[in-house]
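[1] Here is my input; please provide its structure:
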Amino acid sequence: MAQSKSKFNWFKMFWEGFTNMSTLGKTLWIIVIIKLIFMFFIMKPIFSPNLLNTKFDNAEDKAEHVRKELIDKP
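    Model prediction:
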């Protein structure tokens, strides 16, 4: 008889690994997660604004600007 394969539960695997981790490991992972959230949701919008959307209205003007910047700038 063919055995049916059970579906692998990724969330359960990571949750069990996290709960069985030492206190130091949990603390370090929490620090890493907080730093990633800070970098992507707070720092990225401040230091990487979408300048093309604020300066140009349509895709052709954006493409022309990028083309000009890539070719003409030294």
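[2] mind checking which helix or strand residue 37 is in?
    Using DSSP states H and E, residue 37 sits within helix 23-38.
[3] Pull that helix out as PDB, backbone CA atoms only.
    Extracted in PDB, the C-alpha atoms of helix 23-38 (Å, rounded to 0.1, in the frame of the first residue of the first chain):
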ATOM      1  CA  THR A  23      17.400  32.300  26.900                       C
ATOM      2  CA  LEU A  24      20.400  33.800  25.200                       C
ATOM      3  CA  GLY A  25      19.300  32.500  21.800                       C
ATOM      4  CA  LYS A  26      15.800  33.800  22.200                       C
ATOM      5  CA  THR A  27      17.100  37.200  23.300                       C
ATOM      6  CA  LEU A  28      19.400  37.500  20.300                       C
ATOM      7  CA  TRP A  29      16.600  36.500  17.800                       C
ATOM      8  CA  ILE A  30      14.300  39.100  19.300                       C
ATOM      9  CA  ILE A  31      17.000  41.700  18.900                       C
ATOM     10  CA  VAL A  32      17.500  40.700  15.300                       C
ATOM     11  CA  ILE A  33      13.700  40.900  14.500                       C
ATOM     12  CA  ILE A  34      13.400  44.300  16.200                       C
ATOM     13  CA  LYS A  35      16.400  45.600  14.200                       C
ATOM     14  CA  LEU A  36      14.900  44.300  10.900                       C
ATOM     15  CA  ILE A  37      11.500  45.900  11.600                       C
ATOM     16  CA  PHE A  38      13.300  49.200  12.500                       C
END
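[4] Following the chain onward from it, which element is next?
    Assigned by DSSP H and E, the successor of helix 23-38 is helix 44-47.
[5] Name the surrounding residues that touch the helix or strand following that following helix.
    Sequence order places helix 51-55 as the next helix or strand after helix 44-47, per DSSP H and E. Helix 51-55 is contacted by residues 62, 65-66 when judged by CB atoms under 8 Å, 6 or more residues apart in numbering. (C-beta placed from N, C-alpha, C; glycine too.)
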